[in-house]
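A.B. asks: I need the structure of the sequence given here:
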Amino acid sequence: MADADHWLGAWRELGVADSPELNRLHRDVLLRYAEPHRHYHTRQHLAECFAKVQDIISLAEHPGEVLVGLWFHDAIYDTQRHDNEQRSADWARSAARELGARAESAQRIHDLIMFTRHSAAPVGIDAQVLVDADLSIVAAPPARFQEYEAQVRSEYAWVPDEVFRSRRATILKELLGRSHLYSTAHFQDRYEAQARRNLQQSLKNLEGP
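C.D. replies: From the prediction side, this is the model:
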């Protein structure tokens, strides 16, 4: 669960102590994930990411930065914009600096979040850990995966069905065309096969009558 203890622990790894400002930022971030236009990119998604990342966070070189990046990776989310990751990364970097984190840590957090655009393979173990956690939903059991699909469609309710199906199919084909959906050996061994089954079924549904 992505609770206050996880929040404080992540910042503590960066040398940032508990403070009213840190607690206020926590509330602000949680309020973002509770925005009414969100259906998938919510606190549920955040909690699921934190549940999965626990299995691989020990691989990270800078675990605190990975965890702060995870908190912020969807902090700003608007389906009618294309710069959500950039804006989330910028917010995380500026917040980290204001709270007293080192400049290099703040920049690495920014760079980690940018990998959640999923436009390129994550480079470095920290990015691989964060991105694997973010993509863990595609390996969910079928019932949860179907719920996820419905949640994503709800976030894009303003997009006509034909357009949504075409664009979503393009995204799924790109994912399925990768040699691996996951970067860490643990996720590949445990989740790769189920993820591919889910995505293939989703693609079949999208391209069906």
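A.B. asks: ok, R32 - contacts?
C.D. replies: When contacts are counted by Cβ atoms under 8 Å, 6 or more residues apart in numbering, R32 touches 75-77. Any C-beta I mention is one placed from the backbone N, CA and C, and that applies to glycine too.
A.B. asks: out of those residues, which is most surrounded?
C.D. replies: Comparing those by number of neighbours (other Cβ atoms under 10 Å), A75 comes first, having 23 neighbours.
A.B. asks: so what's that residue up against?
C.D. replies: Applying Cβ under 8 Å, 6+ apart, we find A75 in contact with 29, 32-33, 88, 91-92.
A.B. asks: would JSON lines of the residues you listed with pLDDT be doable?
C.D. replies: JSON lines is the format used below for the contacts of A75 (pLDDT from 0 to 100):
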{"residue": "V29", "pLDDT": "96"}
{"residue": "R32", "pLDDT": "97"}
{"residue": "Y33", "pLDDT": "97"}
{"residue": "S88", "pLDDT": "98"}
{"residue": "W91", "pLDDT": "98"}
{"residue": "A92", "pLDDT": "98"}
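A.B. asks: which one of these is nearest R197?
C.D. replies: Nearest to R197 among these: Y33, at 28.6 Å, using Cβ to Cβ.
A.B. asks: To what extent is the nearest residue to the closest one once chain neighbours are set aside buried, counted in neighbours?
C.D. replies: Distances taken as Cβ to Cβ, 6 or more residues apart in numbering place R43 nearest to Y33, at 4.7 Å, with adjacent residues excluded. Other residues within reach of R43, judged by other Cβ under 10 Å, total 15.
A.B. asks: Many thanks, we can stop here.
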